[in-house]
Each structure stands twice: as structure tokens, then as C-alpha cells.
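J.: Quick one, what's the 3D model for this:
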Amino acid sequence: MVKHLQIIITGKVDNTGFRLFSFRGASVLNINGEVRQCKGKICIEAEGEESRLISFTEWCKKGTPESSIETFIIKEKKVIGYNGFSIL
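T.: Numbering: from 1, shown residues only. Next comes the predicted model:
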């Protein structure tokens, strides 16, 4: 069953390659959605099978070597039906 997660990440995440890092994870794990910077945070909308979303959140929690995560908030949302994964 496809689910939609909104992931908000704060900390040292700007200019660390985090958006590209999450894009790579989404590609490897077949996750659809988008990632963007929003006011010093990384905002991810992710859709996929529950087991893949769990793996994707674990991927994102690792972060890049340059990043330092302070908070990692996950909320379940209504499925939108993304086609692919985009960096905005």
C-alpha cells in the first residue's frame, strides 16, 4: 500500500548536498515525491510502499558528511500521486 510522508529536517542542512543526497536515496528505493529547501530546513514529500519509506527515512537520517541534523519530523499525509522524484 502506497503511503505519503512529509519529512522536515532541521540543523546544518543548507549547502551540504542534502537535497541531492535525498534524491539519490529516492532513486535507489523507488520513492516518488520532491525535496526542497524551505527557510533553513529541508522539506521532503515522499510516496511509496511502507517498507521502502522506512528505508528512505533511515537513509535521510544518515545525512551527508557535511550535514548535522537537529530535528527529524515525520508526518503521514494524504497520497498525492507523485510521478518521479524532483529537487525543487
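
J.: List the residues that contact the spatially closest residue to Q6 that is not a sequence neighbour.
T.: Spatial nearest neighbour of Q6, excluding adjacent residues (Cβ to Cβ, 6 or more residues apart in numbering): K75 at 4.7 Å. For glycine as for every other residue, the C-beta is placed from the backbone atoms N, C-alpha and C. By Cβ atoms under 8 Å, 6 or more residues apart in numbering, the contact list for K75 reads L5, Q6, I8.

J.: one more time with 10 Å
T.: The contact partners of K75, by Cβ atoms under 10 Å, 6 or more residues apart in numbering, come to H4, L5, Q6, I7, I8.

J.: Filter those residues down to the buried ones.
T.: H4, L5, I7 (16 or more other Cβ atoms under 10 Å).

J.: Can you name the residues bridging to the residue sitting nearest the centre point of the chain?
T.: Centroid check for the chain by Cα atoms, centre = their mean gives I44 as the closest residue, at 4.0 Å. Beta bridges link I44 to I7, V35, judged by DSSP bridges.

J.: OK, contacts around it?
T.: Contacts of I44 (Cβ under 10 Å, 6+ apart): 5-9, 18-19, 22-23, 25-26, 31, 33-36, 56-57, 60, 74, 85.

J.: what's the answer for S67, then?
T.: I9, G11, K12, V13, D14, N15, T16, G17, F18, F21, I42 are the contacts of S67 under Cβ under 10 Å, 6+ apart.
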